[in-house]
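Peer 1: Predicted model and sequence below, questions to follow.
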Amino acid sequence: MKHFIILMLAVIAAAMPLAVDAQTVRNSNHSTVGYVRSDGRVENSSHSCLGYIRSDGRVENSSHSCLGYIRSDGRVENSSHSCLGYIRSDGRIENSSHSCLGYVRSDGRVENSSHSCLGYVEGVSREWAAAFFFFFF
């Protein structure tokens, strides 16, 4: 589970603007669950380092072990290159069989496939931010 947290927070970092110091990820109660720094460092709500996202899409834990990869086409892979799912440009999140897992709305609201709220993202690309919620929760 911890590895998915790091992987999905790193997904957020992949598309965030470099000029911003940190992006915030919140749960459905609006409590902060993590941050993504402009240098690719991924932190929990206490600012402890969980991992890193590299410019080539490689996602690492805090010990620099590979957890997975974020591909430019939206494909999310584990460290063995097996597909975990897809992040579509319209905010739809799919598993590896292309079944819908949920959505990220343009206002930052993240929903499961039944449209129940899972959380919110602030200042994060909706296409990439969704992955944190769908693999973490």
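Peer 2: Perfect, I can see it now.

Peer 1: For the protein, identify the residue most remote from the centre.
Peer 2: Ser114 (19.8 Å; C-alpha atoms, centre = their mean).

Peer 1: Please, which helix or strand holds that residue?
Peer 2: Using DSSP states H and E, Ser114 sits in no helix or strand.

Peer 1: And the pLDDT for it?
Peer 2: Per-residue confidence (pLDDT) for Ser114: 94.

Peer 1: what's the spacing between it and Cys100?
Peer 2: Distance, Ser114 to Cys100, using C-beta to C-beta, to the nearest Å: 10 Å. Glycine gets a C-beta too; all of them are placed from N, C-alpha and C.

Peer 1: Next up, the contacts around Tyr86.
Peer 2: With contacts defined as C-beta atoms under 8 Å, 6 or more residues apart in numbering, the neighbours of Tyr86 are Gly74, Arg75, Val76, Ile93, Glu94, Ser96, His98.

Peer 1: so who does the second one touch?
Peer 2: Taking C-beta under 8 Å, 6+ apart, we find Arg75 in contact with Cys83, Gly85, Tyr86.

Peer 1: Could you do Gly57 as well?
Peer 2: Here Gly57 is in contact with Ala14, Tyr69, Ile70, Arg71, Ser72 (C-beta under 8 Å, 6+ apart).

Peer 1: And it, how far from Asp73?
Peer 2: Per C-beta to C-beta, Gly57 is found 11 Å from Asp73.

Peer 1: what's the answer for His64, then?
Peer 2: Taken as C-beta to C-beta, the span from His64 to Asp73 is 25 Å.

Peer 1: export the contacts of Arg75 to a markdown table and tack on pLDDT, secondary structure and distance to Arg105?
Peer 2: Putting those into a markdown table (pLDDT from 0 to 100; DSSP: H, G, I helix; E, B strand; the rest coil; distance: C-beta to C-beta, whole Å) gives the following:
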| residue | pLDDT | secondary structure | distance to Arg105 |
| --- | --- | --- | --- |
| Cys83 | 93 | strand | 25 |
| Gly85 | 87 | strand | 18 |
| Tyr86 | 88 | strand | 18 |
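
Peer 1: Switch these over to CSV; also include distance to Ser106.
Peer 2: Listed next are these as CSV, based on distance: C-beta to C-beta, whole Å:
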residue, distance to Ser106
Cys83, 26
Gly85, 21
Tyr86, 19
